[in-house]
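Student: attaching a predicted model along with its sequence, questions to come.
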Amino acid sequence: MQDQGKLIVIEGIDGTGKSTQATLLAEALRAKGHEVIQSHEPTNGPWGKKLRESATTGRLTITDELDYFLKDRQQHVEELIKPTVQRGGTVILDRYYFSSMAYQGARGLDPSEIRSKNEAFAPLPDILIILDLDVNTALERIGVRDGEANEFEKREALQFCRDLFLKLANEPFAHLIDTQQDIQTVHKCIKAICRI
Ligand code: TYD
């Protein structure tokens, strides 16, 4: 028998290993017989595609950027997240609206307003796993070097995001994990949190 459906979200700045951990968790849950859907935001849907394209064709205005993330997420919630959880499946998300609070917050919007706009339609996660890493190590892992074009901007933005994720770790559904540890140790922490 499948337990009640669950929404498990993995967040953290770039370089913390979110997608690797999402895959390991999905495999561990499937091995226990759970129906698992692994997904990510931005999605591969029309709004998510526009957002990805903007990374190469030029960044959107902050208003459009937030609007596209909201539209992408609304579709994700209605078409995949809610139906899966309602039929007793587990959804594992690599990024969710906490990333909007962090990244669009880093561009100057108010994170608490971003949060209310999202929570008007997006369900709270049952479990939020925050993968933490200091910004210097994260930049090394993603291959950004000191003095490189955009390096300073990127550092500032990631620092804002990391600090915001650290604040979110105080939420009752959140768990913080230090990702200086190796992949298998982090995976074991995640399994303990999800009781598998
Ligand atoms: P993606 O190519 O999926 O990379 P990653 O492996 O880092 O997740 O791009 C996601 C980017 O989109 C990442 O830089 C964070 C950003 N993002 C936002 O700015 N707001 C959001 O709401 C989400 C979900 C992601």
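Tutor: Nice, I can see it.

Student: return the residues of the protein in contact with the ligand.
Tutor: Where proximity means C-beta under 6 Å from any ligand atom, the interface of the chain facing the ligand comprises 14, 40, 41, 42, 69, 95, 99, 100, 103, 104. (Each C-beta comes from the backbone N, C-alpha and C, glycine too.)

Student: ok, the last one - contacts?
Tutor: Contacts of residue 104 were listed using C-beta atoms under 8 Å, 6 or more residues apart in numbering, and they are 62, 65, 66, 69, 114.

Student: surely the first one meets residue 105?
Tutor: I take that to be residue 62. No. The pair formed by residue 62 and residue 105 falls short of the contact definition of C-beta atoms under 8 Å, at 10.3 Å.

Student: neighbour count: those two, which is higher?
Tutor: Taking residue 62 and residue 105 together and counting by other C-beta atoms under 10 Å, residue 105 has the greater number of neighbours (22 against 12).

Student: so the more buried one, which of the three states?
Tutor: Of the three states, residue 105 takes helix under DSSP: H, G, I helix; E, B strand; the rest coil.

Student: let me know the pLDDT of it.
Tutor: At residue 105, the pLDDT value in this model is 98.

Student: ok, the closest residue to it other than its chain neighbours to residue 92 distance?
Tutor: The spatially closest residue to residue 105, leaving aside those adjacent along the chain, is residue 111, at 4.0 Å (C-beta to C-beta, 6 or more residues apart in numbering). As judged by C-beta to C-beta, to the nearest Å, residue 111 and residue 92 stand 24 Å apart.

Student: ok, the residue most central in space within the chain - contacts?
Tutor: With the centre of the chain defined as its mean C-alpha position, the nearest residue by C-alpha atoms, centre = their mean is residue 95, 1.7 Å away. Taking C-beta under 8 Å, 6+ apart, we find residue 95 in contact with 9, 10, 11, 18, 40, 41, 42.
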